[in-house]
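Enquirer: Turn this into a model:
(one chain, ligands or ions: 1)
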Amino acid sequence: MRVVKKKVLVDVCGPVDLSGDEGWVAFDAPALVGASLRFVSGEPDGNRYRVRYYRDAEQQLRARIWFGPETEGPPGHSHGGAMAAVLDEVLGLAAWAAGHRVVVGNLNISFRNLLPLEEVVTVESTVISAAGRKVMVHGRICLGETVFAEAECLCITLPGK
Ligand SMILES: CCCCC/C=C\C/C=C\C/C=C\C/C=C\CCCC(=O)SCCNC(=O)CCNC(=O)[C@H](O)C(C)(C)COP(=O)(O)OP(=O)(O)OC[C@H]1O[C@@H](n2cnc3c(N)ncnc32)[C@H](O)[C@@H]1OP(=O)(O)O
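Expert: Model (predicted):
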């Protein structure tokens, strides 16, 4: 008789250091936009993403984020869509943090390097301009000098107050 061993996925991911750089101040995203951002931010102890938000000295939004095993795409590395979801959330939030009630209208991403799983990386954002209903935000996922993905994000303000 052939015995087929079942593979069991065990939670082997220990604690992760998401502390910010010197001068960064913790930023409470749910207090600003509500608790709906669960896809990226909803499981702080889970195996998908773990994220903490900050503002830097220039008031720009930063995120320290861990890409867990459940974000896997290419073996051992993050799925491009997993990076896209992070950029969608962080760059949209950056516009909200700057006072604009937006959704993301267009997100243009270049994937520059494979992102190894279980790495803690930084998402940088810069609000470039705001004109009429259009808010342009640029950002990137990086670690030191290594850029994994960079993005241009056109946010459109929602009608009404
Ligand atoms: C309206 C009800 C919305 C209800 C939502 C309510 C509250 C939301 C509350 C909280 C949000 C919470 C957190 C936010 C923080 C982070 C968000 C995470 C990011 C996301 O996960 S967010 C989800 C993904 N996101 C979408 O699901 C968007 C679906 N989409 C739409 O909802 C519409 O498509 C919209 C609103 C974008 C535009 O629709 P619209 O009818 O209001 O405006 P219109 O089309 O006239 O565009 C006006 C001017 O923007 C230009 N423009 C528009 N779209 C463009 C594009 N793609 N490329 C280049 N230019 C574009 C036009 O060319 C025109 O330019 P011009 O004035 O120069 O002609």
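Enquirer: mind listing what's buried in whichever helix in the chain runs longest?
Expert: Ordering each helix of the chain by length in residues (DSSP state H) puts helix 80-97 first. Using 16 or more other Cβ atoms under 10 Å as the test for burial, helix 80-97 gives 82-83, 85-97. The way it works is simple: take the backbone N, C-alpha and C, and place the C-beta from them, glycine included.
Enquirer: interface residues of the chain facing the ligand?
Expert: Near the ligand, the residues belonging to the chain are 33, 36, 88-89, 92-93, 96, 103-106, 133-134, 154, 156, 158 when assessed by Cβ under 6 Å from any ligand atom.
Enquirer: at 5 Å what do you get?
Expert: Residues of the chain found near the ligand (Cβ under 5 Å from any ligand atom) are 33, 88-89, 92-93, 103-106, 156.
Enquirer: Report the two members of the residues you listed separated by the largest distance.
Expert: Spatially, the most separated pair among those is Val33 and Asn106, at 19.6 Å (Cβ to Cβ).
Enquirer: quick one, which of the two is more surrounded?
Expert: Neighbour count, other Cβ atoms under 10 Å: between Val33 and Asn106, Val33 has more, with 14 against 11.
Enquirer: Which residues are in contact with that one?
Expert: Applying Cβ atoms under 8 Å, 6 or more residues apart in numbering to Val33 gives the contacts 93, 96.
Enquirer: Give me the pLDDT value at it.
Expert: pLDDT for Val33: 90.
Enquirer: How about the one 5 residues further on?
Expert: Model confidence at Arg38, expressed as pLDDT, equals 89.
Enquirer: roughly how far apart are it and Ala29?
Expert: 11 Å (Cβ to Cβ, to the nearest Å).
Enquirer: Could you do Val120 as well?
Expert: 18 Å.
Enquirer: Of those two, give the one with the bigger neighbour count.
Expert: A direct count of neighbours by other Cβ under 10 Å for Val120 and Ala29 places Ala29 higher, at 21 against 16.
Enquirer: Backbone dihedrals for that one, please?
Expert: Torsion angles at Ala29 (phi, psi; degrees, to the nearest 10) stand at phi -70, psi -50.
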